[in-house]
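Peer 1: whatever this is, show me its structure:
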Amino acid sequence: MLIPSQNVDDIMINEEVLAAVKSGRFHIIGVDSIVDAMEILTGQSWDKEQLSIRANILATLKHFNRLRSEPKKRFKGVHSQRQNRFF
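Peer 2: Residues are numbered from 1 along each chain as shown. Below you'll find the model as predicted:
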């Protein structure tokens with residue numbers, strides 16, 4: 001479980017969870033930022049390698065931006081027909 005690092009000292013858990021933590025079956029990890037959390041969850045670096053989380057996010061956003069800016073030739077006729085049919 002990931003929790004904000006400032007809450008680590010104040011966490012309240014029941015005995016069953018505490019036993020699981022002590023035996024290594026469950027982990028509570030304090031993180032300082034969402035970047036730390038993403039690196040732990042994905043096992044990838046945020047910004048230190050070519051295939052980083054940040055690079056993947058930027059590539060995905062660029063891809064969707066290109067899709068948005070492309071002319072909508074394929075669906076233009078279908079959209080017009082639907083509008084005419086319902087209005």
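
Peer 1: and the one helix or strand Thr60 maps to, how far out from the chain's middle?
Peer 2: Per DSSP states H and E, Thr60 falls inside helix 53-69. Chain-centre distance of helix 53-69: 14 Å, with CA atoms, centre = their mean, to the nearest Å.

Peer 1: who does that helix touch, helix- and strand-wise?
Peer 2: Helix 53-69 is packed against helix 34-42, with contacts defined by 3 or more CB pairs under 8 Å, 6 or more residues apart in numbering; DSSP states H and E. For the C-beta atoms, the positions are set from N, CA and C on the backbone; glycine is no exception.

Peer 1: how many neighbours does Met38 have?
Peer 2: By the criterion of other CB atoms under 10 Å, Met38 has 19 neighbours.

Peer 1: residue contacts, it?
Peer 2: Going by CB atoms under 8 Å, 6 or more residues apart in numbering, Met38 touches Gln44, Trp46, Ile53.

Peer 1: quick one: the last one and Gln44 touch, right?
Peer 2: In other words, Ile53. Yes: counting by CB atoms under 8 Å, Ile53 does reach Gln44; the two are 5.2 Å apart.

Peer 1: quick check: chain neighbours aside, which residue is closest to Phe26?
Peer 2: Leaving aside its sequence neighbours, Phe26 sits nearest to Ala20 (CB to CB, 6 or more residues apart in numbering; 3.8 Å).

Peer 1: could you say which helix or strand holds that neighbour?
Peer 2: Going by DSSP H and E, Ala20 is in helix 15-23.

Peer 1: again, but for Gly30
Peer 2: Assigned by DSSP H and E, Gly30 falls in strand 29-31.

Peer 1: need the contact partners of that strand.
Peer 2: By CB under 8 Å, 6+ apart, strand 29-31 touches Met1, Leu2, Ile3, Pro4, Ser5, Gln6, Asn7, Val8, Ala37, Ile40.
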